[in-house]
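> No letters, just coordinates:
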């Protein structure tokens, strides 16, 4: 059982009084689940590629089979991970009567959902929410179940227009989903408390969301073992990982 003694009292007081909580999560939220980064996935035949070159609209246009194979391999690695206690704690907090807890995440791994939480917004997309690259229709298929990386895989065809099905992520050079970003901003502005968990605060425009909360006088708490770009503007910082801090906080709420 996590110890409530580890929870900074000022953060515990804010959490206890908050009925509307918005949680913004970044890559650090998934680290303790072992979710591989781009670099981690560069094994074997992928070592000679720059990951950025595989995550752009241009890469897709040039060689969709190569791009699809890369994302199928990433998806297989993500499927091998599990939500950690921090993910589970957020789901438990969200399920409490009288609590409106909204999660906006930069992560594409769907670990929040696998932990039982509902996610308001995937600001950088969802690796598993496949869609047609042509008409944009949601796909009725998934990635092939591969256990080893392969150089090229032909993407499936869209059931509506026959176009190619693409990963549901936001590639470098693409705009964020407008609805997801706006929902995140509104949730932050309307909250009694905003938690920023495991994000560097470097990737814009998602990094600006805590500022919208602060401008409305909403207290912003950062949970991150390292100093980030969020630290200077946060009202309180807690130097702990998501897997340490969130179970302790939710346990301390009683």
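Okay, I see it. For clarity, every value in this text was computed on a predicted model and none was experimentally measured.
> quick one: contacts of stretch 63-80?
Stretch 63-80 is touched from outside by 34-36, 40-41, 46, 49, 54, 59-60, 109-110, 127-128, 133, 143-147, 149-155, 164, 166-167, 169, with contacts defined as Cβ atoms under 8 Å, 6 or more residues apart in numbering. Where you see a C-beta, it was placed from the backbone N, CA and C, and this is true even at glycine.
> Surely residue 132 is in contact with residue 160?
Yes - shown here, residue 132 and residue 160 form a contact pair, counting by Cβ atoms under 8 Å, at 6.8 Å.
> hmm, back to that, give me the subset of the contacts of stretch 63-80 that lies in helices.
59-60 (DSSP state H).
> circling back: between residue 132 and residue 160, which has more neighbouring residues?
residue 132 (21 against 14; other Cβ atoms under 10 Å).
> ranges for the strands of this protein?
20-25, 100-105, 121-122, 131-132, 165-166, 193-197, 220-223, 236-238 (DSSP state E).
> Turn those into JSON lines, columns for distance to residue 247.
What follows is these, written out as JSON lines (distance: least, Cβ to Cβ, whole Å):
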{"stretch": "strand 20-25", "distance to residue 247": "14"}
{"stretch": "strand 100-105", "distance to residue 247": "15"}
{"stretch": "strand 121-122", "distance to residue 247": "23"}
{"stretch": "strand 131-132", "distance to residue 247": "35"}
{"stretch": "strand 165-166", "distance to residue 247": "36"}
{"stretch": "strand 193-197", "distance to residue 247": "12"}
{"stretch": "strand 220-223", "distance to residue 247": "12"}
{"stretch": "strand 236-238", "distance to residue 247": "13"}
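> Name the nearest residue to the residue nearest to the spatial centre of the chain, ignoring sequence neighbours.
The centre of the chain sits closest to residue 107, judged by Cα atoms, centre = their mean, with a distance of 1.9 Å. What sits nearest to residue 107 in space, not counting adjacent residues and going by Cβ to Cβ, 6 or more residues apart in numbering, is residue 30, at 5.3 Å.
> Residue 137 now?
The nearest residue in space to residue 137 (Cβ to Cβ, 6+ apart) is residue 160, at 4.6 Å.
> Please verify my assumption that the one you found contacts residue 136.
No - between residue 160 and residue 136 there is no contact under Cβ under 8 Å: 9.5 Å.
> what's the overlap in contacts for these two?
Joint contacts of residue 160 and residue 136 (Cβ under 8 Å, 6+ apart) do not exist.
> Need the strands of the chain in CSV (columns: distance to residue 94 and mean pLDDT).
Converted to CSV, the strands of the chain look like this (distance: least, Cβ to Cβ, whole Å; pLDDT from 0 to 100):
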stretch, distance to residue 94, mean pLDDT
strand 20-25, 8, 98
strand 100-105, 4, 98
strand 121-122, 14, 98
strand 131-132, 27, 97
strand 165-166, 30, 98
strand 193-197, 12, 98
strand 220-223, 16, 98
strand 236-238, 19, 97
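> Spit out the contact partners of the nearest residue to residue 96 once chain neighbours are set aside.
Leaving aside its sequence neighbours, residue 96 sits nearest to residue 253 (Cβ to Cβ, 6+ apart; 7.8 Å). If you count contacts by Cβ under 8 Å, 6+ apart, residue 253 has them with 12, 15-16, 93, 96.
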